[in-house]
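Undergrad: here you go, sequence then predicted model.
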Amino acid sequence: MSQPLLSSRPPSNTRALAAAVAAAHEAGELMKKNLRRAKQVNESHQHDIKLELDVQCQKLITRALATVFPSIPVLGEEGIDAASEKAVARWVVDPIDGTVNFAYGIPHAAVSIALEVRTEDGFKSEVGVVYDPFMNDLWTAIRGKPARLNGRITQVSTRARLDESIVSLGFAKSQDSLEAAQADFLELTHRVRKLRIMGSAALALTYVACGRFDAYVEAGVRLWDIAAGGLIVECAGGSFVTQSLPGEHRYGLIASNGLIHDQIPHARTSMAKPKSPSPKGESKVRTRSKSRPQS
Ligand code: IPD
C-alpha cells in the first residue's frame with residue numbers, strides 16, 4: 001500500500017486560488033449556456049437528479065486544475081480519485097451545486113471548489129471558491145485572510161437576534177436528513193423572521209458569508225457541498241460548525257454569523273454546545289471569531 005505523500009509540499013494558496021477561479025469560470029460558462037436547454041439526465045431519484053452536465057463540468061474543472069497542478073487529485077461529487085485519501089493536498093469539487101434547480105432551469109446553482117490540505121487529524125480547507133454564474137457572483141477565501149465577494153472584502157451580518165434573522169434550511173436527499181429538516185422547519189418557523197429553502201448548500205453558505213442570510217442549517221450534506229463555502233463563512237467572520245455523520249464524507253452543519261448560533265435549537269444534534277475542538281467524528285467549532293481576519 002502506498003504511503004501518504006507527507007513529504008510533498010502543498011501548493012501556494014495564491015496560485016491555487018487563481019487556478020480554482022479560472023476553473024470555476026470555465027464551468028460557469030458551460031452552465032450558463034445550458035440553463036434553458038434540454039439536459040441529459042443520467043440518473044433520477046425521488047429527491048435527486050444527476051445530469052450529464054454535472055459530469056462534463058467536473059471533467060472540465062479537473063482538466064483546468066490539472067494544467068496548473070498535475071499531481072493534485074480531485075475528490076468530487078461526480079468521481080473521486082483514489083489518491084485523494086492519502087495526498088498531502090486535494091481539490092474538493094462540486095461541479096454544479098444545486099443540480100435540481102439547474103435541471104429545472106432555476107438560475108440558483110453554483111460551482112464549488114476547495115483546496116484541502118492534510119493535517120494531523122484529517123483535511124482542512126485552505127482555499128475556497130464558489131461561483132454563481134447566473135448572478136456573476138464570485139466568493140473567494142484563503143485561510144487567515146478576509147473572504148471576498150467579487151474582489152471586495154465581505155463579512156457576515158451583525159444581527160444578534162434570531163427573531164430578526166433569515167435562516168436558510170437545506171432539504172437533502174436521505175430519509176433521515178429529510179425528517180430532521182422537517183423538524184428544524186417546524187421548530188424554527190415561528191422563531192425567525194423568515195425561513196428560506198433555496199436548494200444550493202454552497203450558495204446558502206456564501207449568502208451567510210456576505211450577510212444575505214444570518215444562518216444556514218442542514219442535517220445531511222456531503223463534503224463537496226460545503227468544503228469551499230464553509231471556509232468562506234469562517235473567513236467572513238462567521239461560525240461553521242459541522243458534525244460528522246455515518247456515510248462517506250457526510251455532515252450535519254450549522255453555519256451562522258456566530259452571534260445567533262446559540263439561539264438556533266439543535267436538540268437533535270450534538271452541535272448544541274460546541275466548545276473547544278473535539279476528536280475526529282464529533283461536532284466541532286471550526287470558527288466562531290468576533291475579530292475579522294486581516295488582509
Ligand atoms: C445539494 C444541494 C442542496 C442540499 C443537498 C445537496 P447537489 O447538492 O446543495 O441544497 O440540500 O444536501 O446535496 O446535489 O445539487 O450538488
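TA: Alright, I've got the coordinates.

Undergrad: residue contacts, residue 17?
TA: 115, 127, 129, 140, 142 (Cβ atoms under 8 Å, 6 or more residues apart in numbering). Placement of C-beta: from N, CA and C, glycine included.

Undergrad: would a markdown table of those residues with secondary structure, distance to residue 236 and pLDDT be doable?
TA: Formatted as a markdown table, the contacts of residue 17 follow (DSSP: H, G, I helix; E, B strand; the rest coil; distance: Cβ to Cβ, whole Å; pLDDT from 0 to 100):
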| residue | secondary structure | distance to residue 236 | pLDDT |
| --- | --- | --- | --- |
| 115 | strand | 18 | 98 |
| 127 | strand | 15 | 98 |
| 129 | strand | 14 | 99 |
| 140 | strand | 11 | 98 |
| 142 | strand | 12 | 98 |
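
Undergrad: spatially, which two of the residues you listed are the most separated?
TA: Every pair in the contacts of residue 17 was compared (Cβ to Cβ); the two farthest apart turn out to be 115 and 140, at 11.5 Å.

Undergrad: higher neighbour count, these two?
TA: residue 115 (30 against 27; other Cβ atoms under 10 Å).

Undergrad: wait, residue 205 sits on residue 216?
TA: Yes: using Cβ atoms under 8 Å, residue 205 is in contact with residue 216, at 5.9 Å.

Undergrad: the two: which has the busier surroundings?
TA: residue 205 (35 against 30).

Undergrad: now the more buried one. Nearest residue, chain neighbours left out?
TA: Of all residues not flanking residue 205 in the chain, residue 229 sits nearest, at 2.8 Å (Cβ to Cβ, 6 or more residues apart in numbering).

Undergrad: may I ask which helix or strand encompasses the one you found?
TA: helix 223-235 (DSSP states H and E).

Undergrad: next, count neighbours for the residue nearest to residue 205.
TA: Counted with other Cβ under 10 Å, residue 229 comes out at 35.

Undergrad: any idea how far the helix holding residue 229 is from the chain center?
TA: 4 Å (Cα atoms, centre = their mean, to the nearest Å).

Undergrad: and that helix, what's its mean pLDDT?
TA: Helix 223-235 comes out with an average pLDDT of 98.

Undergrad: let me know the angle separating the very next helix or strand once past that helix from helix 223-235.
TA: Using DSSP H and E, the helix or strand that directly follows helix 223-235 along the chain is strand 239-245. Here the directions of strand 239-245 and helix 223-235 differ by 150 degrees (axes from the mean of the first three to the mean of the last three Cα atoms, to 10 degrees).

Undergrad: what does the next helix or strand after strand 239-245 contact?
TA: Where DSSP H and E defines the elements, the next helix or strand beyond strand 239-245 is strand 250-256. Residues outside strand 250-256 that contact it (Cβ under 8 Å, 6+ apart) are 156, 177, 180, 204-205, 208, 214-223, 226, 229-230, 233, 238-245, 261, 264, 266, 269, 271, 283.

Undergrad: strand 250-256 pairs with which strands?
TA: strand 215-222 (antiparallel), strand 239-245 (antiparallel) (DSSP bridges).

Undergrad: quick one, which of those strands gets closest to the ligand.
TA: strand 215-222 (4.5 Å; Cβ to the nearest ligand atom).

Undergrad: gap between the closest one and the chain center?
TA: 10 Å.

Undergrad: and the contacts of that strand?
TA: Outside of strand 215-222, the residues within contact range by Cβ under 8 Å, 6+ apart are 77, 165, 167-170, 172-174, 176-177, 180-181, 184, 188, 201, 204-205, 207-208, 245, 249-257, 260-261, 264, 268-269.

Undergrad: can you give me the helices in this protein?
TA: 13-34, 52-68, 99-103, 175-188, 201-209, 223-235 (DSSP state H).

Undergrad: which strands or helices does the third one pack on?
TA: The one in question is helix 99-103. The contact analysis (3 or more Cβ pairs under 8 Å, 6 or more residues apart in numbering; DSSP states H and E) places helix 99-103 against strand 48-51.

Undergrad: contacts for the strand it packs on?
TA: 39-44, 78, 96, 99-100, 102-103, 173.

Undergrad: can you count the residues close to residue 177?
TA: Neighbour number of residue 177 under other Cβ under 10 Å is 20.

Undergrad: please identify the deepest-packed of the strands paired with strand 250-256.
TA: strand 215-222 (a mean of 26; mean count of other Cβ atoms under 10 Å).

Undergrad: how about that one and the ligand, touching?
TA: Yes: for strand 215-222, a contact with the ligand is found by Cβ under 6 Å from any ligand atom, at 218, 221, 222.
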